[in-house]
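Visitor: Turn this into a structure:
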Amino acid sequence: MQQPETDSVIIAAILNGQTGRYTELVSRHQRYVFTLAMRFTKNREEAEEVAQDCFVKAYRALGTFKQDSKFSTWLYSITYTTAMTYLRKKKLDTQSIDEEGGFIQLENHISAYTANGAMEKQSGYHYLNKAISMLSPDDNMIVTLFYQGEQSLEEIGQTMNMTANTVKVKLHRARIRLKEKLQGLLKNEVNEMI
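Guide: Okay, the predicted model is just below:
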């Protein structure tokens, strides 16, 4: 059985003119990029938009990728900055809409959550994902990259432009906050059941 090609081999082929091979990189990393985008936007359509924007940016900048880190680390760094930029822009846009527009936007978020949440509630990860989404964007990103992305402290540091020691401290604090959020969620659920 042949081993799948590494990201580096595919990138070299793309840079040598086989641009159609970029779809292989997208296929490998789209789920995780979407998960990160979803953690920030908390809306499926917006997360898809952010993820698509990330892959377009990565494709355009592929020639600048130095390969001194993994492609996934570089791509997640793009995802992080794209999502943060999107949230800042959205915050500015949201402040300028009227109350009726805000109500419609809230209604869209609720309906998207219920449509997407019905299947997620069946999963054992429902409460964990809900608690992670309640964290600050930085805590959310660090926890997601460390546990779901299985990235090292150094890789997370590269993605978020921090030292590995800073990431370690922030991860420790994020775990404490995550534990508190989970305890609060589970306590509320138990109280609702009784």
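Visitor: where are the low-confidence patches of the chain?
Guide: 1, 91-125, 188-194 (pLDDT under 70).
Visitor: got a list of what the residue most central in space within the chain touches?
Guide: For the chain, L36 is the residue whose C-alpha lies nearest the centre (Cα atoms, centre = their mean; 0.8 Å). Residues near L36 by Cβ atoms under 8 Å, 6 or more residues apart in numbering: 76, 79-80, 83, 141, 144-145, 149. All C-beta atoms are positioned from the backbone trio N, CA, C, and that covers glycine.
Visitor: now those residues as JSON lines including secondary structure, neighbour count and distance to F40?
Guide: Shown next, in JSON lines, are these (DSSP: H, G, I helix; E, B strand; the rest coil; neighbours: other Cβ atoms under 10 Å; distance: Cβ to Cβ, whole Å):
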{"residue": "Y76", "secondary structure": "helix", "neighbour count": "26", "distance to F40": "12"}
{"residue": "T79", "secondary structure": "helix", "neighbour count": "30", "distance to F40": "9"}
{"residue": "Y80", "secondary structure": "helix", "neighbour count": "22", "distance to F40": "8"}
{"residue": "A83", "secondary structure": "helix", "neighbour count": "26", "distance to F40": "4"}
{"residue": "M141", "secondary structure": "helix", "neighbour count": "26", "distance to F40": "8"}
{"residue": "T144", "secondary structure": "helix", "neighbour count": "23", "distance to F40": "10"}
{"residue": "L145", "secondary structure": "helix", "neighbour count": "26", "distance to F40": "13"}
{"residue": "G149", "secondary structure": "coil", "neighbour count": "19", "distance to F40": "14"}
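Visitor: Flag every buried residue along the helix or strand encompassing the residue nearest to the centre of the chain.
Guide: If you go by DSSP states H and E, L36 is part of helix 22-41. Within helix 22-41, the residues that count as buried by 16 or more other Cβ atoms under 10 Å are 22, 24-26, 28-30, 32-41.
Visitor: do the same with stretch 126-138
Guide: For stretch 126-138, a neighbour-count test (16+ other Cβ under 10 Å) marks 128-132, 134-135 as buried.
Visitor: Check what contacts that stretch and list those residues.
Guide: Applying Cβ under 8 Å, 6+ apart, the set of residues contacting stretch 126-138 from outside is 39-40, 42, 83-84, 87, 117, 120, 140, 143-144, 160, 170, 174, 177-178, 181-182, 185-186, 189.
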